[in-house]
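**Q** Quick one: sequence and predicted model below, then my questions.
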Amino acid sequence: MAVRSTTAESLVEEVFLFGRTLKRAVTTGVEDSPLPQALTGVLAILATEGECRQTDLASRLCVSQSALSRQIADLVDLGYIDRHPDPDDRRASRVCVSDVGQVRLKQIWDRRARRLAEMLSGWSESEALDALDSIRKLNDTFNEDAHAHHQDVVRIESIAR
């Protein structure tokens, strides 16, 4: 049975508000300036995926190569990412999280996890796991759709060239 449009509308609103609230909640009270969210996201995906070409990372993030290029440059300047020529194609670059980047990412995740654990102190483990299951299912659904649409955009851009 399909989801009713009123339920979908409510989900859109709640997911949007949840994203904003979560971002604000996990970054509140941080002593030192955190890495901007966009850079943290790039660093986290790269840490998960491992060394790859910048073009592959852009595809994974569903962003254009030009949008990712500036973020990569910032992360390289900070010492969080290492970039080197791709041995198979010298025109391309491969990127990976540096040791310093791994340490910084762990600090960010640990700080956020502590903050979230404090906020969920009134929840049972069962409630937290139920929420986690629902969030994972939403995330998987959204990612599948985003990647399907990103592939359509990539095909259109390549045809237009």
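**A** Done, it's in.

**Q** low-scoring pLDDT stretches of the protein, where are they?
**A** Counting by pLDDT under 70, the chain contains low-confidence ranges at 28-34, 150-161.

**Q** how far away is the residue nearest to the spatial centre of the chain from Phe18?
**A** Here the mean C-alpha position of the chain is nearest to the C-alpha of Gly41 (C-alpha atoms, centre = their mean), at a distance of 3.6 Å. Counting by C-beta to C-beta, to the nearest Å, the gap from Gly41 to Phe18 is 16 Å. Every C-beta, even on glycine, is put in place using the N, C-alpha and C of the backbone.

**Q** Can I take it that Ala2 is in a helix?
**A** No: the assignment for Ala2 is coil, going by DSSP: H, G, I helix; E, B strand; the rest coil, so no helix is present there.

**Q** What about it, how many residues nearby?
**A** If you count neighbours by other C-beta atoms under 10 Å, Ala2 ends up with 6.

**Q** what's the burial count for His147?
**A** Taking other C-beta under 10 Å as the criterion, the count of residues near His147 is 13.

**Q** ditto for Gly50
**A** Here the neighbour count serves as a burial measure; for Gly50 (other C-beta under 10 Å) it reads 8.

**Q** What's opposite the closest residue to it other than its chain neighbours in the beta bridge?
**A** Closest residue to Gly50 in three dimensions, ignoring its sequence neighbours and counting by C-beta to C-beta, 6 or more residues apart in numbering: Cys96, at 6.9 Å. Using DSSP bridges, the bridge partners assigned to Cys96 are Asp82.

**Q** From His149, how far out is Cys96?
**A** When Cys96 is compared with His149 (using C-beta to C-beta), they lie 28 Å apart.

**Q** out of these two, which sits in the busier spot?
**A** Using other C-beta under 10 Å as the criterion, Cys96 and His149 rank with Cys96 on top: 16 against 11.

**Q** contacting residues around the more buried one?
**A** In this structure, Cys96 makes contact with Leu46, Gly50, Glu51, Cys52, Ile81, Asp82, judged by C-beta atoms under 8 Å, 6 or more residues apart in numbering.

**Q** Wasn't Ala92 part of a helix?
**A** No: following the definition three-state DSSP, Ala92 is strand and is not counted among the residues of a helix.

**Q** List the contacts of it.
**A** Taking C-beta under 8 Å, 6+ apart as the criterion, Ala92 is in contact with Arg53, Gln54, Thr55, Pro85, Asp86.
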